[in-house]
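Colleague: Sequence and predicted structure are below.
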Amino acid sequence: MLLDASFARELEALRRRLRVRARSGGSGDHTAKRRGSSAEFLEHRPYAPGDDLRRIDWLAFARTGEPIFKLFRAEEDVVMRLVIDASASLEAGEPTKLDVAKKVAAAIGYIALANSERAQVMAASEGLSFVAEPSRGRNALPKLLRDLDHVELKGGTDLARSIEQVIVRSNRPGMLVVISDFMDSGPFDAAITHAAAAGHDIALVQVLSRDEVEPHWDGDYALVDAESDAVVEVTMDTGALEAYLARLNQLVLGLRALAKKVQGSYVRVINDEPLLPVVRRFVGKVVD
Amino acid sequence: MHVEFLNPKGLWLLTAIIPLVVLYILKIKRERMRVPSTWLWAEARRDLLAKHPFKKLVPELPLFLQLLALIGLSLALARPALRGGRLTGDHVAIVIDTSASMGTAAKDGSGKKTTRMALALEAAKNAIDNMEPGADAILIEGAREAKIVSPLDRDARRLKSSLGQINVREVEGDLGAAVSLAADRVRSLGGKRRVLLITDSALASEAPLVTAGVDLQVVTVGEPADNVGIVRVDVRAGVDPVSKHDQVQAFGMLKNYGSTQRDAYVTVTVEGKKEPAASRRVLAPPGEKTAVVLAFEPGSLDYGKGLTMQVSPGDALAIDDVAYGRVPQSRKMPVVHAATSYSWIARALDADPDLDVQKLTPSQLGSVNTDPDALIIVENACPENPPGLDVLVVNPPAGTCMGVDVGAQIEQPQITSWEQGDARLRFLTFDGVHIAKANPVKTPGQASLLRAGQIALMADASSPGRTATVIGFDVGETDWPLKASFVLFIRNVVEMARLHRSQGTTGPARTGDALRVAVPKDVAKVVVEGPGVPEHDVAAKGGFAIIPAVDRAGLYRARWTEPRYGNAVIVANLTSERESDVRPRPVIIDQNGGVAATTARVADAHHEWGLWLALLAAALIAFDVYWMTRKRREVSLESIAATAERRGPAG
């Protein structure tokens, strides 16, 4: 089960803490910087021909005799785009990293929907392999969960291409949550930066398995790449493990730096740890 | 100073490197494991480029350690040694043993065949090279006699050049004189003094080496070797019991110093002939002597020729595999009987068919040609310098005869005792022999053979190479001829002369000794040649010529032309039981002139460092075992990240 009732209750407490810079343009609960038609007063200005007569402040007109046009702040919603890495590398671990990624996506999606935002599920592998229609409101939670169920492991990873496709498909920016193990040998930094430049609020969620962060293998192994079936023969001695962990650490530090660069957040989640702290860190927009 | 391997076979262990490396390059059967991504393992991968069935050899600490250990172990087994080492001392006397045993086959550090002498010379070169700066050295060779090869010299080049003069001498060694000479030469010099003796330690002489306070360093060369040598040879004339023809009987005594039975052939070859005259297979038990008798019928021209007895196949020491002899003259023993009348002695001689008696008067001796090997018997006279080989003088006149004082006549002396152990008086008794009158004979410093109380009636007047007997009474004035003992006595004297004749004019000569050649007394010059000895003149006087000590065994030839032509073959043999024993023995050193100290093989001719290599190899193996079985350091992402944090922000 991606989301149980007790977890949902805990998420309720967190949903108000979520702040998203990006606005997606639709009417929503989030006030926008631009002027609009929400109930929040912004300023007065003299009437100009063509203005909507319904926005004339008649009380001010009565006092001053001059038609005064009343401006309000627009209220816009946020599209929470949940890009889940569905490459074969997320098959690892118990529970699998994909399951954890889906749970994280469900939690974040629930928060979005509970905040009357729109949430959209996308699956990324060597490109966007699945794109669900965005949905809004608490009533859309079942759809969100169904969409997450449709996310299946498929092929290799090309995060850069997937993110570029997300950018192209997005008429308005929103919050882009990339949930992946980021074990992509190709460069995806540029695509993330590009997304940030396009106005997306970036959140990176790295899902790792316990074996990946604390490898305890010993002996001679032929490591088979889950995505490419490439074989690497490794003798698991201290030197080899140190080299591996150094590389993993480099990846983590790179993601952290990338998150800071795009003023986004970076959260790392291990497959066997509870999700609530992870979501708490996510809404706190921390950089792990 | 150079490095050599005392056991080069140990280097074969280096071939184990091949299977060791093969073990490492052989592809390991690995467990397949699916991982999310392999690109994180890029730094850790060791053999990504593996090719079946072998993989590329990648640097592995265990392999490196094991290779080093294997090389170290192999070198340790090969026993590397630093030949020479620093030779301390301001004045060094280097004594090189040149006795026959130094000709024993040996192997050098590389396993190449050589001799102990070559090893000794190499050791001497090393010693010279490693002398302390400013030190000088004297080179002395020691065999039977000591000889200075090079005086004290600082010039290493000259000293090494002098080593070229040193060769093996086929003589029984006695290093005592050489070591004493060496000690004497450096004792009076200031500074540190040292005698360096280079020997195979198979010393023939058991006498301790006396250095009288000077340090003696013994360097041994060569390894123990089995050897069979001819330690005694004797050639006699005999009669074939069937054909009754002359027969030459060559007796040889072989001694096997080895630890296993030796199967060998002993052959006898007459000089100038290719085919052996006789041959026999001999099984020589280890550690025992084996007698061998080879008999053959000599040709008419063979008498007096040289004869070679050889053991084949050869062994470690070739010198003692050959011995030399001389084909004895005809079985008929020449006897010159100089008497004025027919006597009992003449009767006894005539009764022996194996005698060729030449009858002369005493005055004719020296003027008539006689056989140089003849037994000379003179009655009632005393020749001043009789020719021939052995001499028996009977009833000489009062005075001096053959160095014996002949006293005034006495009446009826009673025989009281006689030398029963003397070969001439063997198997006979003088009991019941009565002497009417006799002239006492007295030989200063020599025992009398027959005595009447304090009076000597028969004396030994032998000199080197000649047995002489003086009887102080006329046998015709006694009843001795009526007894069997008289015939026995004459027979004993003849047989002794026959034995001396079979051994040649010089008797059994050994290398290292001067050779004495009996020549006619009026010969003044003898021409001598032999193995390694070019033809040269030797002066003769009084019927003898003395050839200086020879150091090679073989057949030497002496000839003279004036006043008449004559020649003789002289035989020189090593035949030394001690020298043929080429097994190393403890060198006994008397450094204080009193107490003899026994030293074992002194090994500081070289410094072995195989032990250190073995220890190093053991340490490497121990470290390799530790490395391969060590508890792996716990590493985690947090520890790595923490380390990265400490180092500073990531780029």
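Modeller: Right, received. Where do you want to start? Numbers count the residues shown, from 1 in each chain, chains lettered A, B, ... in the order given.
Colleague: drop to CA atoms for contacts and neighbour counts, all remaining ones
Modeller: Fine.
Colleague: so what's residue B:265 closest to, chain neighbours aside?
Modeller: Closest residue in space to residue B:265, ignoring its immediate chain neighbours: residue B:281 at 4.3 Å, by Cα to Cα, 6 or more residues apart in numbering or on different chains.
Colleague: what does residue B:448 give?
Modeller: Sequence neighbours aside, residue B:459 is the residue nearest to residue B:448 in space, at 4.6 Å (criterion: Cα to Cα, 6+ apart).
Colleague: cool, residue B:623 as well?
Modeller: Nearest residue to residue B:623 in three dimensions, chain neighbours excluded: residue B:65, at 7.9 Å (Cα to Cα, 6+ apart).
Colleague: Would you confirm that that neighbour belongs to a helix?
Modeller: Yes - using DSSP: H, G, I helix; E, B strand; the rest coil, the assignment for residue B:65 is a helix.
Colleague: can you tell me which residues contact the residue nearest to residue B:448?
Modeller: B:404, B:441, B:442, B:443, B:446, B:447, B:448, B:449, B:450, B:469, B:470, B:471 (Cα atoms under 8 Å, 6 or more residues apart in numbering or on different chains).
Colleague: Quickly find the element holding residue A:10.
Modeller: helix A:5-15 (DSSP states H and E).
Colleague: make that residue B:150, sorry
Modeller: Per DSSP H and E, residue B:150 falls inside strand B:146-153.
Colleague: Now the helix or strand following that strand: buried residues?
Modeller: Once the chain leaves strand B:146-153, the next helix or strand it forms, by DSSP H and E, is helix B:156-162. Buried residues in helix B:156-162, defined by neighbour count with 16 or more other Cα atoms under 10 Å in any protein chain shown: B:156, B:159, B:160.
Colleague: And for the closest residue to residue B:444 other than its chain neighbours, the neighbour number?
Modeller: Leaving out its chain neighbours, the residue that sits closest to residue B:444 by Cα to Cα, 6+ apart is residue B:404, at 7.5 Å. Applying other Cα atoms under 10 Å in any protein chain shown, we find 21 residues neighbouring residue B:404.
Colleague: unless I'm mixing things up, residue B:404 is touching residue B:440, no?
Modeller: No - the pair residue B:404 / residue B:440 is not scored as a contact, 9.8 Å apart, by Cα atoms under 8 Å.
Colleague: Between these two, which contacts overlap?
Modeller: Between them, residue B:404 and residue B:440 share no contacting residue under Cα under 8 Å, 6+ apart.
Colleague: Identify the bridge partners of residue A:80.
Modeller: residue A:119, residue A:175 (DSSP bridges).
Colleague: from memory it sits against residue A:119, does it?
Modeller: Yes - at 4.6 Å, residue A:80 counts as touching residue A:119 under the criterion of Cα under 8 Å.
Colleague: Name the residues contacting each of the two.
Modeller: Common neighbours of residue A:80 and residue A:119, using Cα under 8 Å, 6+ apart, are A:109, A:112.
Colleague: Quick check: the residue in the stretch 151-300 of chain B that chain A sits nearest to vs residue B:286, distance?
Modeller: Relative to chain A, the nearest point of the stretch 151-300 of chain B is residue B:223 (51.7 Å; Cα to the nearest Cα). To residue B:286, residue B:223 is 18 Å away according to Cα to Cα, to the nearest Å.
Colleague: Can you verify my assumption that residue B:7 contacts residue B:79?
Modeller: Yes - the pair residue B:7 / residue B:79 is scored as a contact, 5.6 Å apart, by Cα under 8 Å.
Colleague: Pick out whichever of the two has more residues nearby.
Modeller: Legend: neighbour count by other Cα under 10 Å for residue B:7 and residue B:79, higher for residue B:79 (26 against 18).
Colleague: Give me the residue at the spatial middle of chain B.
Modeller: Geometric centre of chain B, nearest residue: residue B:579, 3.2 Å, by Cα atoms, centre = their mean.
Colleague: Which of the three states applies to that residue?
Modeller: Secondary structure assignment for residue B:579 (three-state DSSP): helix.
Colleague: Nearest residue to it in space, please, no chain neighbours.
Modeller: Spatial nearest neighbour of residue B:579, excluding adjacent residues (Cα to Cα, 6+ apart): residue B:204 at 5.0 Å.
Colleague: which residues touch that neighbour?
Modeller: Residue B:204 makes contacts with B:172, B:173, B:174, B:578, B:579, as judged by Cα under 8 Å, 6+ apart.
Colleague: Quick check: the second one is in a helix.
Modeller: Spelled out, it's residue B:173. No - in this structure, residue B:173 is coil, not part of a helix, as judged by three-state DSSP.
Colleague: okay, now residue A:238: neighbour count?
Modeller: Residue A:238: 16 neighbours (other Cα under 10 Å).
Colleague: Likewise for residue B:264?
Modeller: Residue B:264 is flanked by 17 other residues according to other Cα under 10 Å.
Colleague: In which helix or strand does it reside?
Modeller: Residue-wise, residue B:264 maps onto strand B:262-270 under DSSP H and E.
Colleague: Mind giving me the packing neighbours of that strand?
Modeller: strand B:278-284, strand B:306-312 (3 or more Cα pairs under 8 Å, 6 or more residues apart in numbering or on different chains; DSSP states H and E).
Colleague: Many thanks, have a good one.
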